[in-house]
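Asker: here is my input; please provide its structure:
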Amino acid sequence: MIDINDITLKPDDLNIYREKGYFVTSKIFEDSEIEKLRNSFDRIFDNDYDRDIYPFDRVYNHGIDNKLLYKLNNGWWVNDEIRSVILSPKIGKIMAFFMETSEVRVWHDQVVLKKRGGEHNEETDGNIGWHQDYAHWQVSSSTNMATMWIALQDTNIENGGMRTIVGSHKWGLQKDADTFHEKDLKSLENKYKDDHKWIDEPCIIKAGHASIHHCLCFHGSGPNKSNQDRLGLIIHCMPKGTFYRGRINPKNKFKLGSKGNRHANVPLLGPNAKKGDPFEGDNFPLIWPFSGETEIKYNIKLDKKYE
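Answerer: Below is the predicted model of the structure:
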């Protein structure tokens, strides 16, 4: 098992992240760990849960007419293997390093399966639109949030791996960049590249490795043209002090996905949530710094004790 003490993070790694908006790690999970996670995905999508609750959110990509991408939020709620990974000090240490923060909390995770091959329209089917994560998360006070994408198999362009736009995190939040569900990648590229240098770079990630990307870094992906499903475990994280900004444009009618106006995490603050409330508590677990209390509170099993 690769534990926290086996992971070395160097200043050059941080410099690459600062410059490009993303970074690909060395191997942080052994093959045996990846196999356990793959089995967990099978169980989750077969509705076989370890806990007596349902997942927080389970949707199919781009509406009910396209089931090429299965996506479930907060898999750590219902699967013990995923919970032990999401809440591990290993993840916390890495994310604290890249976000340059003394504390890391989980915003939410995503269990993602992109279906294999088939007769797809190359231009659209299975695509994830170019988008900025923060455009969907504007209820959060922090634009320094970041995401870890763990590959459960070798991931590349062929099987619909993620592509990033190098340096786009430096552009700031772009207008109407909440375009995860829009499938026309070329149209979105034309929309955003006029005022910027558009460098489309694939994230080539080996199994057991991960990418880290900034919440303002544009990214998207194409269809899975391989003969195997593509699996990824995604952890969205927030730095110390992140709080609820309140409703954005409260006079506007709510539209699903619009400007992060009504992110599903807000109700987790409770019925009396108000502007300024911190995203803390049981639903937003602290994963760095790590203590034995985390292990006990969330009933996770680690091979080694950390203080």
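Asker: please confirm that Trp149 is located within a strand.
Answerer: Yes: applying DSSP: H, G, I helix; E, B strand; the rest coil, one finds Trp149 inside a strand.
Asker: how near is it to Glu293?
Answerer: 28 Å (C-beta to C-beta, to the nearest Å). Where you see a C-beta, it was placed from the backbone N, CA and C, and this is true even at glycine.
Asker: out of the two, which sits in the more crowded spot?
Answerer: Neighbour totals were compared for Trp149 and Glu293, and Trp149 leads with 24 against 9 (other C-beta atoms under 10 Å).
Asker: residues contacting the more buried one?
Answerer: Met162, Cys203, Ile205, Ala210, Ser211, Ile212, His213, Gly232, Leu233, Ile234 (C-beta atoms under 8 Å, 6 or more residues apart in numbering).
Asker: leaving out chain neighbours, which residue sits closest to it?
Answerer: Ser211 (4.7 Å; C-beta to C-beta, 6 or more residues apart in numbering).
Asker: name the helices or strands packed onto the helix or strand that neighbour falls within?
Answerer: Following DSSP states H and E, the helix or strand that holds Ser211 is strand 210-214. Here strand 210-214 touches strand 22-24, helix 89-99, strand 146-151, strand 162-165, going by 3 or more C-beta pairs under 8 Å, 6 or more residues apart in numbering; DSSP states H and E.
Asker: within its sheet, name the partner strands of it and how each one runs.
Answerer: Paired with strand 210-214 in the same sheet, following DSSP bridges, are strand 22-24 (antiparallel), strand 146-151 (antiparallel).
Asker: can you tell me which of those is most buried?
Answerer: Comparing the strands paired with strand 210-214 by mean neighbour count (mean count of other C-beta atoms under 10 Å), strand 146-151 ranks first with a mean of 25.
Asker: related to what we said a few turns ago, so which of the strands paired with strand 210-214 gets nearest Asp195?
Answerer: Ranking the strands paired with strand 210-214 by proximity to Asp195 (C-beta to C-beta) places strand 22-24 first, at 20.9 Å.
Asker: centre of the chain to the helix or strand just after that closest one, how far?
Answerer: As assigned by DSSP H and E, the chain's next helix or strand after strand 22-24 is helix 31-44. Taking the mean of its C-alpha atoms, helix 31-44 sits 18 Å from the chain's own mean (C-alpha atoms, centre = their mean, to the nearest Å).
Asker: got the angle for helix 31-44 vs strand 146-151?
Answerer: Relative orientation of helix 31-44 versus strand 146-151 (axes from the mean of the first three to the mean of the last three C-alpha atoms, to 10 degrees): 100 degrees.
Asker: got the buried residues for helix 31-44?
Answerer: Buried residues in helix 31-44, counted by 16 or more other C-beta atoms under 10 Å: Glu33, Ile34, Leu37, Arg38, Ser40, Phe41, Ile44.
Asker: kindly report the same for stretch 291-301.
Answerer: Buried, per 16+ other C-beta under 10 Å, within stretch 291-301: Thr294, Glu295, Tyr298, Ile300.
Asker: mind putting these in a markdown table, secondary structure, distance to Asp176 and pLDDT included?
Answerer: Output for the buried residues of stretch 291-301, formatted as a markdown table (DSSP: H, G, I helix; E, B strand; the rest coil; distance: C-beta to C-beta, whole Å; pLDDT from 0 to 100):
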| residue | secondary structure | distance to Asp176 | pLDDT |
| --- | --- | --- | --- |
| Thr294 | helix | 38 | 74 |
| Glu295 | helix | 42 | 73 |
| Tyr298 | coil | 37 | 81 |
| Ile300 | coil | 39 | 77 |
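Asker: tabulate those residues (a markdown table), appending distance to Thr179.
Answerer: Listed next are the buried residues of stretch 291-301 as a markdown table, based on distance: C-beta to C-beta, whole Å:
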| residue | distance to Thr179 |
| --- | --- |
| Thr294 | 35 |
| Glu295 | 39 |
| Tyr298 | 34 |
| Ile300 | 35 |
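Asker: next, the distance between the ends of stretch 151-165.
Answerer: End-to-end span of stretch 151-165 (C-alpha to C-alpha, to the nearest Å): 19 Å.
Asker: how distant is it from the center of its chain?
Answerer: Centroid separation between stretch 151-165 and its chain, computed with C-alpha atoms, centre = their mean, is 14 Å.
Asker: residues of that stretch that come out buried?
Answerer: 151-156, 158-165.
Asker: go on, stretch 274-288?
Answerer: Neighbour counts over stretch 274-288 (16+ other C-beta under 10 Å) mark Asp277, Phe279, Glu280, Asn283, Phe284, Pro285, Leu286, Ile287, Trp288 as buried.
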